[in-house]
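**Student:** Give the three-dimensional model of this entry:
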Amino acid sequence: MEHSGLPERYLMFLIGVVCSALGIALITLAGMGTSAVSSLAYVLTFVFPGISLGCFTFVVNCAMLGGQALLLRRKFPPVQLLQIPATFVFSFCIDLWMKLLTPIIPGAYAGRWAVLLLGCTSLGLGVALEVVPNVLILPCEGFVRTCSQVFGWEFGKTKTGYDLAMVGAAALVSLLCLGTIHGLREGTVVCALTVGSISRFFCRRIKDLGTHRPGTPAHA
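**Tutor:** This next block holds a predicted model:
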């Protein structure tokens with residue numbers, strides 16, 4: 001992918017943003033909790049009713065961008081400030097997908113499981129499409145990538161650990177502010193345990209496709 005043109009890599013990133021937003025919308029609409037990465041933002045919609053998931057997603061992602069800057073300090077690339085408009089697009093797409101898909105979500109529990117699993121796959125693919133081009137990245141995944149680079153951790157495993165930490169933070173906020181657990185159910189646990197592995201799977205496949213494309217050097 002490093003040998004691809006810059007416009008092609010930014011296009012892949014943009015597709016990843018839309019795909020990730022679709023995944024989060026599907027997982028949330030399945031009605032069994034939301035994705036791990038969105039769990040804190042989702043709980044905040046119960047604490048502050050009337051404010052959308054997309055809005056709180058934007059707030060949480062901006063906080064993660066600050067975390068990247070703190071870890072990298074002078075090594076933080078100024079171009080990564082473009083994560084802010086990318087996050088705006090991402091947050092807008094979440095609310096848009098939620099609005100468009102709500103009327104077609106099945107009511108049966110088995111059907112909702114299918115929606116959940118489709119959402120996990122879409123989110124994992126979206127994360128991979130954001131990471132592989134190595135141009136921009138959404139702040140939450142950017143924070144995971146920064147941690148993996150700074151501490152030498154493998155990205156997929158770091159992603160799983162980050163997701164579990166977000167679920168823990170969401171549960172704590174829910175208990176402190178609402179007195180009970182809201183927005184965290186079996187689907188949240190499934191997402192936390194699977195999306196990292198799914199993203200790792202797609203990262204490897206996408207890189208392999210880029211390596212073996214016609215005209216790509218064998219040593220790429």
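
**Student:** Would you mind measuring from V60 to V37?
**Tutor:** 9 Å (C-beta to C-beta, to the nearest Å). In short, each C-beta sits where N, CA and C put it, glycine included.

**Student:** Between these two, point out the one with more neighbours.
**Tutor:** V37 (29 against 22; other C-beta atoms under 10 Å).

**Student:** and the gap between that one and R145?
**Tutor:** Counting by C-beta to C-beta, the gap from V37 to R145 is 13 Å.

**Student:** likewise A36?
**Tutor:** Per C-beta to C-beta, A36 is found 16 Å from R145.

**Student:** the more surrounded of those two?
**Tutor:** Using other C-beta under 10 Å, the more surrounded residue of A36 and R145 is A36, with 32 against 18.

**Student:** Show me which residues of the lowest-mean-pLDDT helix or strand in the chain are buried.
**Tutor:** Lowest mean confidence among the helices and strands of the chain (mean pLDDT, DSSP states H and E): helix 186-211, at a mean of 83. Neighbour counts using 16 or more other C-beta atoms under 10 Å place 187-192, 194-196, 198-200, 202-203, 206-207, 210 of helix 186-211 among the buried residues.

**Student:** and if you look at stretch 78-96?
**Tutor:** For stretch 78-96, by 16+ other C-beta under 10 Å, it's 80, 83, 86-87, 90-95.

**Student:** pLDDT score for E2?
**Tutor:** Looking at E2, its pLDDT stands at 55.

**Student:** same question but for D163, I mixed them up
**Tutor:** Confidence for D163, expressed as pLDDT, is 79.

**Student:** swap in L22?
**Tutor:** Confidence score, pLDDT, at L22: 96.

**Student:** On the three-state scheme, it is what?
**Tutor:** Following DSSP: H, G, I helix; E, B strand; the rest coil, we place L22 in the helix state.

**Student:** how much space is there between it and L123?
**Tutor:** Taken as C-beta to C-beta, the span from L22 to L123 is 8 Å.
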